[in-house]
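Engineer: could you look at this predicted model? Sequence included:
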Amino acid sequence: MSSMQRTSPLTISAFAVAGAGVGLLLQLVRSTRGQAPVVPPLSLALTLIMLGVVLLVLAVSLRRAVTRKSGKQVNPFRAVRLLAGARAGQFVGALFGGFGLGLVLQLLSRSVMPAAAAWVPMLLVVGAGIVLLVCAVIAESLCRVPPGDSGESTDRSGAATGTGPEPDAA
């Protein structure tokens with residue numbers, strides 16, 4: 001996993017902007033039709049936070065297994081699945097955080113502010129999306145192979161050294 005690149009902040013920002021755009025457009029369409037604003041359920045924010053906590057717990061247990069000198073092998077498929085989950089968590093956190101922000105932005109543009117029961121769940125979704133994003137970034141960093149744990153060393157170009165036969169060995 002050390003050869004894989006970290007998730008780009010530009011990609012995460014693109015997901016956040018896309019989510020904000022969808023949330024803003026959804027509220028605008030509902031507003032022009034005279035419908036009530038979309039109010040996300042509180043369970044959405046709770047679910048996003050729980051996903052972040054689960055990612056962190058799994059990443060910490062994987063990191064402990066990797067750094068432990070017990071000789072017990074770590075299942076590489078488990079590590080790759082956790083890394084994929086951490087990356088997906090970053091995308092979902094950014095998307096839902098942006099979505100909640102788009103919902104709130106449209107409410108702020110109204111001349112009459114709705115009741116707190118309408119906009120507080122939207123702010124909770126924004127916060128929960130940020131929590132999931134941060135937990136997923138931490139989980140991704142915990143999935144990295146610690147330096148010096150791989151069997152080979154690499155030079156500055158990233159090429160593995162010491163993989164071929166010795167030059168003077170015959």
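Structural biologist: Good, I have the coordinates.
Engineer: could you list the low-pLDDT ranges of this protein?
Structural biologist: The model of the chain has pLDDT under 70 over residues 1-4, 70-71, 146-170.
Engineer: just the helices in it please.
Structural biologist: Using DSSP state H, the helices of the chain run over residues 9-32, 42-67, 76-108, 116-142.
Engineer: make TSV from those helices and add mean neighbour count to it.
Structural biologist: Every C-beta, even on glycine, is put in place using the N, C-alpha and C of the backbone. Converted to TSV, those look like this (neighbours: other C-beta atoms under 10 Å):
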stretch	mean neighbour count
helix 9-32	16
helix 42-67	16
helix 76-108	20
helix 116-142	20
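Engineer: which residue is nearest the middle of the chain?
Structural biologist: Residue closest to the mean C-alpha point of the chain, counted by C-alpha atoms, centre = their mean, is Gln90 at 1.6 Å.
Engineer: which non-adjacent residue is nearest that one?
Structural biologist: Nearest residue to Gln90 in three dimensions, chain neighbours excluded: Ala136, at 4.3 Å (C-beta to C-beta, 6 or more residues apart in numbering).
Engineer: can you get me a residue count around Lys69?
Structural biologist: 5 (other C-beta atoms under 10 Å).
Engineer: typo on my end, it should be Met113
Structural biologist: 10.
Engineer: quick one, phi psi at it?
Structural biologist: The phi/psi pair for Met113 (degrees, to the nearest 10) reads phi -80, psi 130.
Engineer: that one reaches Leu107, doesn't it?
Structural biologist: Yes - Met113 is within contact range of Leu107, at 7.0 Å (criterion: C-beta atoms under 8 Å).
Engineer: list the residues that contact both of the two?
Structural biologist: Trp119 (C-beta atoms under 8 Å, 6 or more residues apart in numbering).
Engineer: how about Phe15: what's its closest non-neighbour residue?
Structural biologist: Nearest non-adjacent residue to Phe15, counting by C-beta to C-beta, 6+ apart: Ala94, 3.9 Å away.
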